[in-house]
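[1] just need the structure, nothing else, for what follows:
(2 chains)
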Protein chains: 2
Amino acid sequence: MTKDPIPPSHLFSRASRGLSVTQTPVWIMRQAGRVLAPYRALRAKYDSIQTLFTTPELAAEITLMPIDMLSVDAAILFTDLVTPLGPLGCPFTYAPGPVFEKPVRTEADIKNLRSVIPDQDLSYVGTTIDLVCKELPPHVPLIGYAGSPFTLATWLVEGKSSKDFSAFRAMIHSDPSSAHLLMERLTGLVISFLRYQVSHGAGALQVFDTSIGVLSSGDFKSFVLPYLQQINEAIADLCVPRIYFPLAGSHFLSYSAQAGADILSIDWRTDIDAAYEAMGKAAILQGNLDPTVLYADHKTITRAVTKTLNDVKGRPHIFNLGHGLQPDMPYENVAFLVSEVHRISQQ
Amino acid sequence: MTKDPIPPSHLFSRASRGLSVTQTPVWIMRQAGRVLAPYRALRAKYDSIQTLFTTPELAAEITLMPIDMLSVDAAILFTDLVTPLGPLGCPFTYAPGPVFEKPVRTEADIKNLRSVIPDQDLSYVGTTIDLVCKELPPHVPLIGYAGSPFTLATWLVEGKSSKDFSAFRAMIHSDPSSAHLLMERLTGLVISFLRYQVSHGAGALQVFDTSIGVLSSGDFKSFVLPYLQQINEAIADLCVPRIYFPLAGSHFLSYSAQAGADILSIDWRTDIDAAYEAMGKAAILQGNLDPTVLYADHKTITRAVTKTLNDVKGRPHIFNLGHGLQPDMPYENVAFLVSEVHRISQQ
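    Residues are numbered from 1 along each chain as shown, chains lettered A, B, ... in the order given. Sure thing, here's the model as predicted:
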């Protein structure tokens, strides 16, 4: 990683490299958008959320909102998992979740996917990052964002949201060579998209695997792990912390730990000790408070933060939820959570 | 359990008591309904699926369909998780999943729940079981059915289907005493409903915990385990095999094993060896084929059945899927699966 000494105030940059910190850094998945009143006011002005994702000035404004409002230690790009799939030749609309015009189901469908050149096809993302990085305080890095190849595949093949994303799982069993072909194509897309984000100034990268919990451990090993390893190797030279977030993935923890990421982000169902053990000597964890704690009162939130900080017992840690914020979570509880992480962890 | 010797042809009854079998018994969650053509023909005649659940002649006919058609070794009552919640004072309609008129959210809501007397309020279930048991061949028992208190609570509090059932999880954190009160009330309901089903002839009982995967291990221990133990103790004198099915519950396997059930039914994400180990000496497992294998060709199905049978390595086992059938799974593949389990396991 960087050879320059990192100042003490740069909590996220230090913790994400395993360096000592005076307070535990904290950021929150879905901190940009959802619970923020100025976001809601902005959202109300536009018919489609797509406009907010694809207009650099708007996406940058939303990305920056939680930095001042919540005092979080990292920014996360305001975007959506499916963002890079349109240029692949798979248009979708929001209703309210993404619905694809034509799901990808066959080898021919996969072979027909276009090549995505981020600099041309996703240039609004680069422009957004440029705008964000101009405004961010020096101690707050921007985390770049991509869905994992598996999660992108589940959306493309299912064509819409699903409880169990059985369509791509079915392809894995009924047509494994097409499943591998799709994973290969999406792996290339993810690598180029992540590299592009760093080239514009992203200071860390998180791969979101929000559908992965539906997969068995054996299928994870065969159909997912090699592609994650390929991604993490292909971005290693960028020298930014690489975060992998396998939602509901506690049943293949030992394989997640082999993905080659620097930081494993775990959900509230994943045991903290088991995750540190799986990651080995250089383990850095991110997570893992149950988001629904944010519906409770301040006393409960303080108790839950204290418990998580005790559970990590001084090991390298970035505080986060086990999954994203929901729109109906009280903003004041979210702000209180962040301040409590800083207060309690510096004691 | 029974003191009479159980004949060799009674595969399910023997395996569910840990006795040796000549073939592995197999039944399939959602085998009654969904993929069966005569079921679809029947379903098309009625506006609401509720009519099929609550009309004993229809529910019995559907429960019996897969016995001849699929040669499965056990029948499972054709009903729905939410069946006993109407008489509790929580009416719902199907749209297409259950939607409750008024979610249960407060202590007052919980205290207003009525007492359910199965013999009066759910008598159509007893009559259905009477009709089924008259027709079942002697070697095929009927498995009675109830949702777990937690899963019933998630539906009541959320009021509708959900990916993460955050409403009841929020109650656990924000109002734990109300959450416990609801769990207590539903535990009483489940016990009386299960006892009622055995009094009419159910020869085994399965508690379905299909929402439980959203809960952390710590919350499972505090808010779920004591109630499961209470249920299994309260039905122990009935001397029928007690099955517990915690969907997506591999992260609290050691606690599930302490629930007091005779048989743990595991999903495809749960490691077979770890589950046997957690259950200890008298372990009997049910499961755990990934249902999406049924979308593949016969060769793939044969390979998957062989793998599961090899993975259990002669330990007490009832073959099943890791979750229920989906309507679009090919019937001929389901029938092939059952015949392959019988063929391969007797070799």
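[2] how about the strands in the stretch 101-250 of chain A?
    Using DSSP state E, counting those that start in this stretch, the strands of the stretch 101-250 of chain A run over A:142-147, A:204-209, A:242-246.
[3] helix/strand/coil for A:Val99?
    strand (DSSP: H, G, I helix; E, B strand; the rest coil).
[4] that one contacts A:Gly159, correct?
    Yes - using C-beta atoms under 8 Å, A:Val99 is in contact with A:Gly159, at 6.8 Å. The way it works is simple: take the backbone N, C-alpha and C, and place the C-beta from them, glycine included.
[5] neighbour count winner among these two?
    Remark: of A:Val99 and A:Gly159, A:Gly159 carries more neighbours, 18 against 14, as counted by other C-beta atoms under 10 Å in any protein chain shown.
[6] ok, that one - contacts?
    Applying C-beta atoms under 8 Å, 6 or more residues apart in numbering or on different chains to A:Gly159 gives the contacts A:99-100, A:102-103, A:167.
[7] again, only using 7 Å
    A:99-100, A:103 (C-beta atoms under 7 Å, 6 or more residues apart in numbering or on different chains).
[8] tell me the residues of chain A that contact chain B?
    A:163, A:166, A:169-170, A:173-174, A:216-217, A:250-251, A:268-271, A:290, A:292-293, A:295-297, A:300, A:326 (C-beta under 7 Å from any C-beta of the partner chain).
[9] give me the buried subset of those.
    A:166, A:169-170, A:173-174, A:216-217, A:250-251, A:268-271, A:290, A:292-293, A:295-296, A:300, A:326 (16 or more other C-beta atoms under 10 Å in any protein chain shown).
[10] picking up where we left off before, I'd like the strands of the stretch 101-250 of chain A laid out as a markdown table, including mean pLDDT and distance to B:Asp237.
    Output for those, formatted as a markdown table (pLDDT from 0 to 100; distance: least, C-beta to C-beta, whole Å):
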| stretch | mean pLDDT | distance to B:Asp237 |
| --- | --- | --- |
| strand A:142-147 | 98 | 52 |
| strand A:204-209 | 98 | 47 |
| strand A:242-246 | 98 | 44 |
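[11] make JSON lines out of those and add mean neighbour count.
    Formatted as JSON lines, those follow (neighbours: other C-beta atoms under 10 Å in any protein chain shown):
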{"stretch": "strand A:142-147", "mean neighbour count": "25"}
{"stretch": "strand A:204-209", "mean neighbour count": "26"}
{"stretch": "strand A:242-246", "mean neighbour count": "26"}
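[12] so where is chain A shaky, pLDDT-wise?
    A:1-4 (pLDDT under 70).
[13] which residues does the residue sitting nearest the centre point of it bridge with?
    Centroid-nearest residue in chain A, with C-alpha atoms, centre = their mean: A:Phe208, separated by 4.0 Å. Counting by DSSP bridges, A:Phe208 is bridged to A:Gly147, A:Phe245.
[14] list the contacts for it?
    A:Phe208 is in contact with A:81, A:145, A:147-148, A:151, A:245, counting by C-beta under 7 Å, 6+ apart.
[15] ok, A:Leu181 next?
    By C-beta under 7 Å, 6+ apart, the contact set of A:Leu181 is A:107, A:110.
[16] repeat that with 10 Å
    A:107, A:110-111, A:113, A:175 (C-beta atoms under 10 Å, 6 or more residues apart in numbering or on different chains).
[17] and the furthest pair within those?
    A:Leu113 and A:Asp175 (15.7 Å; C-beta to C-beta).
[18] what angle separates the longest helix seen in chain A from strand A:242-246?
    Ordering each helix of chain A by length in residues (DSSP state H) puts helix A:176-199 first. Per axes from the mean of the first three to the mean of the last three C-alpha atoms, to 10 degrees, the angle that helix A:176-199 makes with strand A:242-246 is 140 degrees.
[19] before we move on, the earlier item: dump the strands of the stretch 101-250 of chain A into TSV; add distance to A:Ile191 as well.
    Formatted as TSV, the strands of the stretch 101-250 of chain A follow (distance: least, C-beta to C-beta, whole Å):
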stretch	distance to A:Ile191
strand A:142-147	9
strand A:204-209	10
strand A:242-246	12
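[20] closest one to A:Ser13 among the ones you listed?
    If we rank those by C-beta to C-beta, the stretch that ends up nearest is strand A:204-209, at 8.0 Å.
[21] for that closest one, output the C-alpha coordinates as CSV.
    Taking C-alpha atoms only, strand A:204-209 is exported to CSV below (Å, rounded to 0.1, in the frame of the first residue of the first chain):
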residue,chain,number,x,y,z
ALA,A,204,-11.0,2.2,-1.7
LEU,A,205,-13.2,-0.3,-3.4
GLN,A,206,-16.1,-2.4,-2.2
VAL,A,207,-17.6,-5.4,-4.1
PHE,A,208,-21.2,-5.9,-3.0
ASP,A,209,-22.4,-9.5,-3.2
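[22] which one is A:Met279 nearest to, not counting chain neighbours?
    Among residues not flanking A:Met279 along the chain, A:Ala257 sits closest, at 4.7 Å (C-beta to C-beta, 6 or more residues apart in numbering or on different chains).
[23] what number of residues lie near that neighbour?
    Counted with other C-beta under 10 Å, residues neighbouring A:Ala257 total 19.
[24] now find how far off-centre stretch A:24-42 is within its chain.
    14 Å (C-alpha atoms, centre = their mean, to the nearest Å).
[25] sorry, that was for stretch A:243-252
    11 Å.
[26] name the SS class of A:Trp268, please.
    coil.
[27] residue contacts, the residue nearest to A:Ala75 when sequence neighbours are not counted?
    Excluding its sequence neighbours, the residue lying closest to A:Ala75 (C-beta to C-beta, 6+ apart) is A:Leu142, at 4.6 Å. Residues near A:Leu142 by C-beta under 10 Å, 6+ apart: A:60, A:63-64, A:67, A:74-77, A:128-129, A:132-133, A:136, A:197-198, A:200-204.
[28] now with 8 Å, please.
    With contact taken as C-beta under 8 Å, 6+ apart, A:Leu142 is in contact with A:63, A:74-77, A:129, A:132-133, A:136, A:201-204.
[29] what about it, distance to chain B?
    Using C-beta to the nearest C-beta, to the nearest Å, one gets 28 Å for the distance from A:Leu142 to chain B.
[30] do the same with A:Thr128
    Computed as C-beta to the nearest C-beta, the A:Thr128 to chain B distance reads 28 Å.
[31] which strand or helix spans the nearest residue to A:Leu225 once chain neighbours are set aside?
    Excluding the flanking residues, the one nearest A:Leu225 by C-beta to C-beta, 6+ apart is A:Tyr255, at 5.2 Å. Using DSSP states H and E, the element containing A:Tyr255 is helix A:253-256.
[32] buried residues in that helix?
    For helix A:253-256, burial by neighbour count (16+ other C-beta under 10 Å) applies to A:253, A:255-256.
[33] give me the neighbour count for A:Gln50.
    17.
[34] same check on A:Val305?
    By the criterion of other C-beta under 10 Å, A:Val305 has 25 neighbours.
[35] now A:Asn112
    A:Asn112, neighbours per other C-beta under 10 Å, totals 12.
[36] phi and psi next, for it.
    Phi and psi for A:Asn112, reported as degrees, to the nearest 10, are phi -80, psi -10.
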